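Asker: structure of the sequence below:
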Amino acid sequence: NNLYSLTVQCAKCHNHKYEAISQVDYYRWLANFSPVFNPQRWVTSTEHQIADDSKKDKEAIDRRNAQIEAEPAEDERESQKRTYGTIQAAVEQSPPSATYLLRRGDVTKPGVEVQPALFSVLAEPPAAGGFDYQPQGATSGRRLAIAIQVTNPETVAGSLVVRVFVNRVWQELFGKGIVETSDNFGVSGSRPTHPQLLDWLAAEFVENGTQLKPLIKLMASSSVYRQTSIRKDIATAKQRDPANLLLWKARLRRLPSEYVRDRTLAVSGELDRSVGGPPTPLLAKPNGKIVVDMESLPTPTSHLRRSIYVLNRRNYHLSFLTTFDQPFLTTNCTVRKPSAVVTQALTMMNDEFVLEQARAFAERVASEMPAASAEAQITKAFQIALCRDPSDTESRTCLELVKRETEQYQEAKLPADVVGRKTLVHLCHLLLNTNEFLYIQ
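Answerer: Numbers count the residues shown, from 1 in each chain. Predicted coordinates for the structure are as follows:
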């Protein structure tokens, strides 16, 4: 179970080979979810979400909206309505049936009946607020009892969840967790490189009310996070710590797939930053490439929204994202496996999406620097794409590119304004293809 960063599936058939999880533990844990996924009386849930407001507030909003709907039509009627969000939830369908230990995991060989419980290694004594489920209205209360245990940092389960969460945040910011196997904190997992640091960060997280932003600020403002991956004085460090476990320099990391696409849109000035709403639909072409379905967009700019809003199925991803290692979620993905392959470079050079954004990027530079010199436009493009000014060498190289492209287009007898636009597009496309654009240094 990835909540605790421990895989327990093998305990379905026998006691865990490495961890302190028995086969009985597995089926006790399974019993907590039988009211929703009931193997004895299987009923498919028709409810997949609940309101994020209280039941009383939801009913009040629904009544008010119904009254507004019943009034004579007015231009402002829709604006008077109130709304509430929704939360994805699994809804119990029927009273829980008995859960049995399956001998050798065989569904045709039920053994002893078991009762809902946490794993024994995480159990708290009843006097200390241990696992105790009580019916909650029409529900069994089993999942609520689990939630109480794992969100309370004073319990064994809760303290472990805090460390797992803090480790995941560290992994996002530094590329690798303090415990490298972020999906396995068990005996067979990696040992923490800095166990005291992990404990301290977990304590700070709890002290700040388990608020995420203070935790991120704490990590991001540290001197270790603010290091560069480019170091000159590395001979001794490489000899003593070649794997960089002690973080004597930052790890060179490529942006995740979604960030590559989103950053390209942000630099071009085309990014639609609206929040919420329906997903951006996809279309599978006959050649196997999966692209945005431009004929079925919910809004005119849906194709320019952040990648989090692109329709995401387990094995059906936008081809651009797949090229940059978008994971296929047939199982949980706790750590992405980045690659550096030629198809990524070819995509950034030839993909229609990248070429369109390069043109939009050039238009942005031209609109923000009208009637500017080539040198000024080059500096502006660097500032937008790479957040810095170009070096003298980079300026000379880019000026040579502009000059060479200008001469070629002039030989083709193109109008001067067209020549200027095309050479600027080449420059912007070049910056989108730099390592600095794709990698965190």
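Asker: wait, doesn't A376 sit right on M369?
Answerer: Yes. At 5.7 Å, A376 and M369 qualify as touching, with contact defined as CB atoms under 8 Å. Heads up, the C-betas are built off the backbone N, CA and C, glycines and all.
Asker: who's more crowded, the two?
Answerer: Ranked by neighbour count (other CB atoms under 10 Å), A376 and M369 place M369 first, with 16 against 12.
Asker: for the more buried one, give me the pLDDT.
Answerer: What the model reports as pLDDT for M369 is 88.
Asker: what sits against it?
Answerer: Remark: with contacts taken as CB atoms under 8 Å, 6 or more residues apart in numbering, M369 is in contact with 376-377, 380.
Asker: tell me the phi and psi of it?
Answerer: phi -130, psi 60 (degrees, to the nearest 10).
Asker: the helix or strand of the chain with the lowest mean pLDDT: what's the following helix or strand?
Answerer: Here the helix or strand of the chain ranked lowest by mean pLDDT, DSSP states H and E is helix 77-80, holding a mean of 72. Following helix 77-80 in sequence order, the next helix or strand is strand 86-88 (DSSP states H and E).
Asker: direction included, what does that following strand pair against?
Answerer: Take DSSP bridges as the rule and strand 86-88 pairs in its sheet with strand 49-51 (antiparallel).
Asker: for the strand it pairs with, buried residues please.
Answerer: A51 (16 or more other CB atoms under 10 Å).
Asker: centre of the chain to that strand, how far?
Answerer: Counting by CA atoms, centre = their mean, to the nearest Å, strand 49-51 is centred 22 Å from the centre of its parent chain.
Asker: what residues does the host helix or strand of Q196 touch?
Answerer: Here Q196 sits within helix 195-207, counting by DSSP H and E. For helix 195-207, contacts defined as CB under 8 Å, 6+ apart pick out 153, 159, 162-163, 165-167, 170, 178-179, 192, 214-215, 218-219.
Asker: which of those residues sits closest to N350?
Answerer: Lowest distance from N350 to these (CB to CB) belongs to W170, with 36.8 Å.
Asker: count residues in the vicinity of the closest one, would you?
Answerer: W170 has 22 neighbours, counted by other CB under 10 Å.
Asker: pretty sure it sits in a helix.
Answerer: Yes. Per DSSP: H, G, I helix; E, B strand; the rest coil, W170 lies within a helix segment.
Asker: shouldn't it be in contact with M219?
Answerer: Yes. With contact defined as CB under 8 Å, W170 reaches M219; the gap is 6.5 Å.
Asker: so T323 makes contact with T343?
Answerer: Yes. With contact defined as CB under 8 Å, T323 counts as touching T343 (5.6 Å).
Asker: these two - which one has more neighbours?
Answerer: Using other CB under 10 Å as the criterion, T323 and T343 rank with T323 on top: 20 against 11.
Asker: got a pLDDT number for the more buried one?
Answerer: The model reports T323 with a pLDDT of 93.
Asker: residues contacting it?
Answerer: Applying CB under 8 Å, 6+ apart to T323 gives the contacts 257, 343-344, 347.
Asker: show me what contacts the nearest residue to it once chain neighbours are set aside?
Answerer: Nearest residue to T323 in three dimensions, chain neighbours excluded: T347, at 4.9 Å (CB to CB, 6 or more residues apart in numbering). For T347, the contact set (CB under 8 Å, 6+ apart) comprises 320, 323-324, 354.
Asker: all good on my end, thank you.
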